[in-house]
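**Q** below are the sequence and a predicted model for it; my questions follow.
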Amino acid sequence: MTEVLDSTLEIAGVGRPRRDRDEPWMFDQALADRLIAQAQADGIELFGKGGLLNQMTKAILGRSMAVELTDHLGYEEGDPYPEQHVKSYADTTPKRLMTEAGHLELEVPRDRNGEFTPKTVKKGQRRLDGVDKLVMGLHARGMTVRDVQMQLKETFDLDVSHDLISKITDGVLEEVKEWQHRPLDRVYPVIFLDALVCKVRQDGTVKNKAAHLAVGVDADGKC
C-alpha cells in the first residue's frame, strides 16, 4: 500500500509544478484508477477509519509538512550538513487531527531549534476547517446536536463532543449577530427585497420559515 500512497501524492500534484497557473489542475485518472484498484485488492475501504481517503489525507498532509520543513531549513534531509546552516532536522511530534476523512494520527516534523511552524497544520490546531463546515451544514438542516454527533460518527468515524458542536455553532451565531448590528448608510438609492423559505427546527418539529432578504446598493454601486 505504501507504493500506492506514493501514487496518491502524484495525483495530488505534490512536488509537481503546474503547467499553467490559469488552467485548473486535473489529476491523472489512470493513477486514481490504480490507487482504487490496489485498495480494493488489499481489502481497504474507501471511507471510514483506516480507509483510502483517510490514508490519502494523512499522506498528503505529512508530505506537505515535510516539504515545509525542508524549505525552512534550506536543505534536504539526509544531505551533507551545510556548514553555513545552524538549523537541522530533529524528530517528529505526534498529533491527533480531526478531519473530514476521520481522525488522523500525524507525525509533525520539527527542527532542533524549535523554530519550525508548519502552515499545513498549525500549532495548537486540532481540526481542519472542513469539520466546522460539516457541523454547520448538518445543524443548518435542522439536526439536533445528538443527531449531528451520530451522523459524523456513522459517516466519517468522527467522535465530536457536544461542547465542540455547540462551540462551533455558537461561534457562527456570534458572527451573524455582529454582522446584523453593523453600521449602515443613511441612504441606499436602490434596495432589493425578497424572501427565502428555510426549514427551521422549532418546538421539536421542523417548520418552513421565511427569511426576508434586503440588499441595498449604495451611492458607489456597492452592495
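**A** Thanks, I have it. Residues are numbered from 1 along each chain as shown.

**Q** so who does Leu46 touch?
**A** Going by Cβ atoms under 8 Å, 6 or more residues apart in numbering, Leu46 touches Ile36, Ala39, Leu52, Leu53. Just so you know, the C-beta spots here come from the backbone N, C-alpha and C atoms, and that holds for glycine as well.

**Q** ok, now with 6 Å
**A** Leu52 (Cβ atoms under 6 Å, 6 or more residues apart in numbering).

**Q** and it, how far is that from Val187?
**A** 56 Å (Cβ to Cβ, to the nearest Å).

**Q** His103 in helix, strand or coil?
**A** strand (DSSP: H, G, I helix; E, B strand; the rest coil).

**Q** counting neighbours, what do you get for it?
**A** By other Cβ atoms under 10 Å, the residues close to His103 number 15.

**Q** can I get the helix or strand hosting Glu174 in CSV, CA atoms only?
**A** Using DSSP states H and E, Glu174 maps to helix 162-180. Output in CSV follows, covering the C-alpha atoms of helix 162-180 (Å, rounded to 0.1, in the frame of the first residue of the first chain):
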residue,chain,number,x,y,z
HIS,A,162,-21.4,18.1,22.5
ASP,A,163,-19.3,21.0,23.7
LEU,A,164,-17.4,21.2,20.4
ILE,A,165,-20.5,21.3,18.3
SER,A,166,-22.0,24.0,20.5
LYS,A,167,-18.8,25.9,20.3
ILE,A,168,-18.8,25.8,16.5
THR,A,169,-22.4,26.8,16.1
ASP,A,170,-22.2,29.5,18.8
GLY,A,171,-19.2,31.0,17.1
VAL,A,172,-21.1,31.3,13.9
LEU,A,173,-24.1,32.8,15.6
GLU,A,174,-21.8,35.5,17.2
GLU,A,175,-20.5,36.4,13.8
VAL,A,176,-24.1,36.6,12.5
LYS,A,177,-25.1,38.9,15.4
GLU,A,178,-22.1,41.1,14.7
TRP,A,179,-23.0,41.3,11.0
GLN,A,180,-26.6,42.2,11.9
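
**Q** mind listing what's buried in it?
**A** Using 16 or more other Cβ atoms under 10 Å as the test for burial, helix 162-180 gives Leu164, Ile165, Ile168, Thr169.

**Q** show me the contacts for the first one.
**A** Think Leu164. Contacts of Leu164 by Cβ under 6 Å, 6+ apart: none found.

**Q** just the pLDDT for it.
**A** Per-residue pLDDT puts Leu164 at 86.

**Q** swap in the third one?
**A** Predicted confidence (pLDDT) at Ile168: the value is 83.

**Q** I'd say it and Asp132 touch.
**A** Yes - Ile168 is within contact range of Asp132, at 5.2 Å (criterion: Cβ atoms under 6 Å).

**Q** what's downstream of the helix holding Glu174, the next helix or strand?
**A** Heading C-terminal from helix 162-180 (DSSP H and E), you reach strand 190-202.

**Q** each with direction, which strands does that following strand pair with?
**A** With DSSP bridges as the test, strand 190-202 is paired with strand 205-217 (antiparallel).

**Q** now do the contacts for Ala195.
**A** By Cβ under 6 Å, 6+ apart, the contact set of Ala195 is Ala210, His212.

**Q** gap between it and Ala210?
**A** 5 Å.

**Q** elements contacting whichever helix in the chain runs longest?
**A** Across the chain, the helix with the greatest residue count (assigned by DSSP state H) is helix 52-73. If contacts are counted by 3 or more Cβ pairs under 6 Å, 6 or more residues apart in numbering; DSSP states H and E, helix 52-73 sits against helix 2-12, strand 102-111.
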